[in-house]
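**Q** Attaching a predicted model along with its sequence, questions to come.
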Amino acid sequence: MKYHRFLFSVLLLMAAVSIHAQRIYRINADQPRQQILHFGASDAWSMKYVGLWPEQQQQQIADWLFSTDDDAQGQPRGIGLSLWRFNLGAGSEEQGDSSYIQQATRTECFLNADGSYNWSKQQGQRNFLKLAKERGVDHFLAFMNSMPVFFTQNGLATNTGRGGTINLKPDCYDRAARFIATSLKGLEAHDGIHFDYVSPVNEPDGHWNWLGPKQEGSPATNREVAKLVRAVSKAFKKQKVNTQITINESSDLRCLLGTHETDWQRGFEISSFFNKDSVQTYLGDCPGVPHCVLAHSYWTNTPVKYMRQVREQLRDTLARYGLHYWQSELCIMSNDEEIGGGGHFDFSMMTALYVARVIHHDLVYGDAESWSWWRALGGDYKDGLIRVLSNDGWKTGKAIDSKLMWTLGNYSRFIRPGARRYAMSVTDGGKLVADGETQPYGVMTSAYRNVDGSWVVVAINYGEGSAPIVLPLPESKHAWQLYRTSDVTGENLKPVGKSMGNAMLEPRSVTTFVSER
């Protein structure tokens with residue numbers, strides 16, 4: 001009797017597998033979605049140290065982050081980031097302990113107290129600007145946490161002792177704007193780096209008041225942001241700086257749509273900046289300001305159903321205003337309880353899969369045109385793509401790659417600037433599966449076409465078991481090349497063979513399918 005029950009269970013399992021194997025994932029080539037501009041990460045704090053390490057170590061780290069080359073076995077050498085975010089410092093480093101900011105997160109400033117400029121500052125960060133450019137990175141963004149300390153109301157680069165308004169003297173808006181323009185021109189003249197974008201405010205909204213001693217930062221009301229952006233636009237025109245001014249680096253998607261843990265002065269950012277009725281804050285006609293909003297995906301990634309809901313709401317709101325969206329920063333926070341919060345670095349696929357799911361939702365439901373991680377390198381916290389081990393405050397150290405870094409590469413290495421995302425549909429036994437491309441605890445897929453005509457499909461398998469997938473080849477393509485990242489040792493964007501359409505997604509893995517001509 002036990003044998004018959006066992007045989008019956010096996011037959012049921014085989015039948016289930018057979019049925020599941022009929023699930024077909026199709027690219028809807030007649031349903032184009034948003035253009036993909038770039039994938040990136042930030043140099044913040046890390047590169048002021050690592051950019052001064054021995055050349056061999058710098059070269060290895062730069063290869064991991066920026067290289068689009070393969071070795072002799074076809075193994076990618078790096079994740080091919082296409083956007084690099086440079087932290088334009090405010091001068092807390094020069095203030096030392098009187099800055100009220102911890103040493104590890106202080107930054108230098110090109111500007112001196114007498115109004116002159118010192119172009120030997122921020123050398124480690126500038127070294128990595130050059131290393132990125134050498135490896136083909138074409139897009140650079142300078143972001144600011146604070147205005148130079150010479151211009152702030154409390155003489156600090158942190159908001160300590162103040163409320164929720166911008167830490168900038170009323171008569172220093174134009175001076176701050178000239179500093180930004182002069183700094184970008186100086187970096188291009190001295191280092192050959194042209195900045196496509198500058199973000200003059202960072203997380204000015206929500207509950208963030210940027211009190212020390214953690215890092216540089218300042219809140220700002222929408223009116224203050226608009227006043228600063230107009231001043232920067234004016235300075236760029238006068239100094240002939242061809243750099244776009246991006247806004248608003250919101251700390252929370254909810255601040256774009258309404259208010260979140262603050263009042264109206266620091267919320268409703270989409271309508272404040274891009275509705276013509278918002279006379280005092282409208283920036284839709286400001287020269288140099290693209291019709292695009294930048295925001296960070298912090299705090300909105302759980303629960304899973306809400307992650308999708310808030311992004312769909314954002315997408316629909318932006319569409320009404322004719323705006324684009326960039327997800328410009330993310331790391332793991334305390335509310336990401338599914339993976340234990342942000343504490344302690346994770347080399348495994350646990351964090352990597354969690355982040356891949358966020359990327360999927362940002363791209364598929366938020367229509368994000370750009371996606372960036374926070375710090376490229378970090379310590380014992382889930383905020384770095386690469387883990388640094390050091391016992392002397394990062395003056396020397398060892399850098400170790402991670403599954404998180406390589407999993408981001410499943411997107412960034414193969415979806416190149418200018419690609420177009422396409423909708424996908426899933427059928428099972430000939431019947432359409434609602435939301436079949438997004439099973440948050442199972443298989444998630446998204447499709448892209450590069451400007452060279454190649455197709456890319458990223459398939460996440462969040463589950464503990466293998467998952468068969470049927471992925472028909474696009475017209476005129478003869479095979480898929482598969483690259484997989486998983487917890488298996490050595491599977492870091494590893495080429496794992498070719499497929500004519502049938503493949504098996506390994507448990508807890510991310511696989512990228514790239515069409516061959």
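**A** All right, it came through fine.

**Q** Quick check, central residue of the chain?
**A** Of all residues in the chain, the one closest to the mean position by Cα atoms, centre = their mean is S372, 1.1 Å from it.

**Q** That residue bridge partners, please.
**A** According to DSSP bridges, the partner residues bridging S372 are G40.

**Q** Identify the residues contacting it.
**A** For S372, the residues meeting the contact criterion (Cβ atoms under 8 Å, 6 or more residues apart in numbering) are F39, G40, A41, S42, L83, R85, W326, Q327, S328, E329, L330. C-beta coordinates here come from the backbone N, C-alpha and C atoms, glycine included.

**Q** do M500 as well
**A** With contact taken as Cβ under 8 Å, 6+ apart, M500 is in contact with L473, H478, A479, W480.

**Q** wait, isn't the last one in contact with G501?
**A** Going back to what we said before, that points to W480. Yes. The pair W480 and G501 passes the contact test of Cβ atoms under 8 Å, sitting 7.3 Å apart.

**Q** who touches both of these two?
**A** With Cβ under 8 Å, 6+ apart applied, the overlap between the contact sets of W480 and G501 consists of L471, L473.

**Q** From the contacts of M500, which shows the smallest pLDDT?
**A** Least confident by pLDDT among those: that is H478, with 89.

**Q** Just give the closest residue to it, not the sequence neighbours.
**A** What sits nearest to H478 in space, not counting adjacent residues and going by Cβ to Cβ, 6 or more residues apart in numbering, is E516, at 6.2 Å.

**Q** from memory W45 sits against Q103, does it?
**A** No. Contact criterion Cβ under 8 Å: W45 and Q103 do not qualify, at 10.1 Å.

**Q** and these two? which has more neighbours close in?
**A** Comparing W45 with Q103 by other Cβ atoms under 10 Å, the one with more neighbours is W45, at 23 against 12.

**Q** where's that one relative to S218, distance?
**A** Noted for W45: a distance of 17 Å to S218, by Cβ to Cβ, to the nearest Å.

**Q** T302 now?
**A** Computed as Cβ to Cβ, the T302 to S218 distance reads 28 Å.

**Q** the more surrounded of the two?
**A** Ranked by neighbour count (other Cβ under 10 Å), T302 and S218 place S218 first, with 30 against 16.

**Q** what sits against that one?
**A** Shown in contact with S218 (Cβ under 8 Å, 6+ apart): N145, S146, M147, T152, T158, N159, I166, N167, L168, V201, P204, W210.

**Q** just the helices in the stretch 201-350 of the chain please.
**A** When assigned using DSSP state H, counting those that start in this stretch, the helices of the stretch 201-350 of the chain occupy the ranges 222-239, 253-257, 269-274, 304-321, 349-364.

**Q** Pull the residues that contact the second one.
**A** This means helix 253-257. The contact list for helix 253-257, computed with Cβ under 8 Å, 6+ apart, reads 205-206, 248, 250, 260, 262, 266-270, 293, 295, 297, 300, 310-311, 313-314, 317.

**Q** hmm, 7 Å instead?
**A** Residues outside helix 253-257 that contact it (Cβ atoms under 7 Å, 6 or more residues apart in numbering) are 205-206, 250, 260, 267, 269-270, 293, 295, 297, 300, 310, 313-314, 317.

**Q** now do stretch 60-77
**A** Residues external to stretch 60-77 that are found in contact with it (Cβ under 7 Å, 6+ apart): 41, 50, 78-81, 128, 131-132, 135-137, 376, 386, 399, 401, 405, 409, 413, 493-495.
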